[in-house]
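**Student:** Give me a model of this one.
(one chain, ligands or ions: 1)
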Amino acid sequence: MRILVTGAAGFIGSTVTDRMLADGHDVVGIDDLSTGRLENLSLASRDARFSFEKVDVTSGELAEVVQRVRPDVVLHLAAQIDVRVSIRDPLLDARLNVLGTINLLEASRLAGVGKLVHTSSGGSIYGTPKRLPVDETMPVAPESPYAAGKAAGELYLSVYRSTYGLATTALALGNVYGPRQDPHGEAGVVAIFGTAMLEGRPTRIFGDGETTRDYVFVGDVADAFARTVTPDAANGERLNIGTGVQTPVRELHSRIAAIVGVADDPEFAPPRPGELQRIALDVSRAQRLVGWRPQVDLEAGLRQTVSWLSSRTATS
Ligand SMILES: NC(=O)c1ccc[n+]([C@@H]2O[C@H](COP(=O)([O-])OP(=O)(O)OC[C@H]3O[C@@H](n4cnc5c(N)ncnc54)[C@H](O)[C@@H]3O)[C@@H](O)[C@H]2O)c1
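**Tutor:** Okay, here's the model as predicted:
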């Protein structure tokens, strides 16, 4: 199939791109390179079935590109990914994440795309759920503009499916970690802790360290995209993509410190607004509908990530 990946130069988008090429698809990656890096596409760029275009998903140019590429499937990962940026500037977040998604849905409809897979956020759209792990039948209750924007994107998928017959799936991801995550961003605690520890800098935990997240390895996320590219795979569904396991940030810190081989001695700072206290995702729907389940456990995933971060630290 011919697959268009938005946000292809990003952490998850580039991993998904590599997986699509490995599965034998032709891939066109688009990205505005606002946070993504071409270096993430160095493997893909060696493949003749890959091409890249620098395009902003909110621009008028997008429709022309999608029309020219005529993809069978669109995988939408381009976004503003930082909850705190969304709180500081909700209009910016909505422009990129809501209007960008609508612009892409409209371009996809006009180009006769068969399937669009959207990247939602299982770690934020449910707010503070009544029970954990949270499944897809629980109400959506955003507590940040970022979460509201991701949930709005899902509603627009529903509009395009019912009105125009565009097949859609929303993958509601947990906290994704792995090689290529930006260690200098505000999001991505594994990359931030790992890099600070490798460079001998202090680490800081916001809150008391009991805050939990559902950490899912990026390779497993790419596998979820691979299982949903066909139009009839989980059409019209949201699939939670996580592990079902809550890991406190304090435990995460200890695990990374042990792998890096440094003292487990974080500083503590006040909690930040918009951050949830506890989350874990029930992923049984993904298993039932597309046979997906996480394959890489936290220890193995953290080892792979630290190994990648240390090769990067060594070369920079
Ligand atoms: N990392 C996580 O834990 C996590 C969790 C849930 C959902 N997600 C979602 O997964 C997707 C990928 O996130 P990531 O962690 O790889 O972040 P990332 O910042 O590495 O990737 C986002 C990519 O989108 C590109 N982009 C941003 N605005 C754009 C625009 N207007 N036009 C074109 N490209 C644009 C960036 O340059 C970047 O390459 C996002 O939709 C994010 O919201 C991530």
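
**Student:** all strands in this protein, in order from the N-terminus.
**Tutor:** In the chain, the strands defined using DSSP state E lie at 2-6, 26-31, 50-54, 73-76, 115-121, 167-173, 175-177, 204-206, 212-213, 215-217, 237-241, 247-248, 267-269.

**Student:** is it possible to export those to JSON lines including mean neighbour count and distance to the ligand?
**Tutor:** All C-beta spots, glycine's among them, are computed from the backbone N, C-alpha and C. Below are the strands of the chain laid out as JSON lines (neighbours: other C-beta atoms under 10 Å; distance: least, C-beta to the nearest ligand atom, whole Å):
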{"stretch": "strand 2-6", "mean neighbour count": "25", "distance to the ligand": "6"}
{"stretch": "strand 26-31", "mean neighbour count": "26", "distance to the ligand": "4"}
{"stretch": "strand 50-54", "mean neighbour count": "16", "distance to the ligand": "8"}
{"stretch": "strand 73-76", "mean neighbour count": "27", "distance to the ligand": "7"}
{"stretch": "strand 115-121", "mean neighbour count": "25", "distance to the ligand": "4"}
{"stretch": "strand 167-173", "mean neighbour count": "27", "distance to the ligand": "4"}
{"stretch": "strand 175-177", "mean neighbour count": "24", "distance to the ligand": "4"}
{"stretch": "strand 204-206", "mean neighbour count": "16", "distance to the ligand": "16"}
{"stretch": "strand 212-213", "mean neighbour count": "22", "distance to the ligand": "9"}
{"stretch": "strand 215-217", "mean neighbour count": "26", "distance to the ligand": "8"}
{"stretch": "strand 237-241", "mean neighbour count": "25", "distance to the ligand": "9"}
{"stretch": "strand 247-248", "mean neighbour count": "16", "distance to the ligand": "13"}
{"stretch": "strand 267-269", "mean neighbour count": "10", "distance to the ligand": "21"}
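
**Student:** which regions of this structure lie under the pLDDT threshold?
**Tutor:** Along the chain, the model assigns pLDDT under 70 to residues 186, 314-316.

**Student:** picking that back up, present the strands of the chain as a markdown table; the columns should include distance to H184.
**Tutor:** Rendered in a markdown table, the data for these read as follows (distance: least, C-beta to C-beta, whole Å):
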| stretch | distance to H184 |
| --- | --- |
| strand 2-6 | 22 |
| strand 26-31 | 18 |
| strand 50-54 | 21 |
| strand 73-76 | 24 |
| strand 115-121 | 21 |
| strand 167-173 | 21 |
| strand 175-177 | 15 |
| strand 204-206 | 15 |
| strand 212-213 | 20 |
| strand 215-217 | 20 |
| strand 237-241 | 25 |
| strand 247-248 | 23 |
| strand 267-269 | 18 |
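
**Student:** tell me which parts of the stretch 51-200 of the chain are close to the ligand?
**Tutor:** By the rule C-beta under 6 Å from any ligand atom, the part of the stretch 51-200 of the chain lying against the ligand is 56-58, 77-79, 81, 96, 100, 119, 121, 123, 173, 175-176, 182.

**Student:** Quick one: residues contacting V65.
**Tutor:** For V65, the contact set (C-beta atoms under 8 Å, 6 or more residues apart in numbering) comprises I30, E53, V55, A107.

**Student:** residues near the third one, how many?
**Tutor:** Counted with other C-beta atoms under 10 Å, the burial measure for V55 works out to 20 neighbours.
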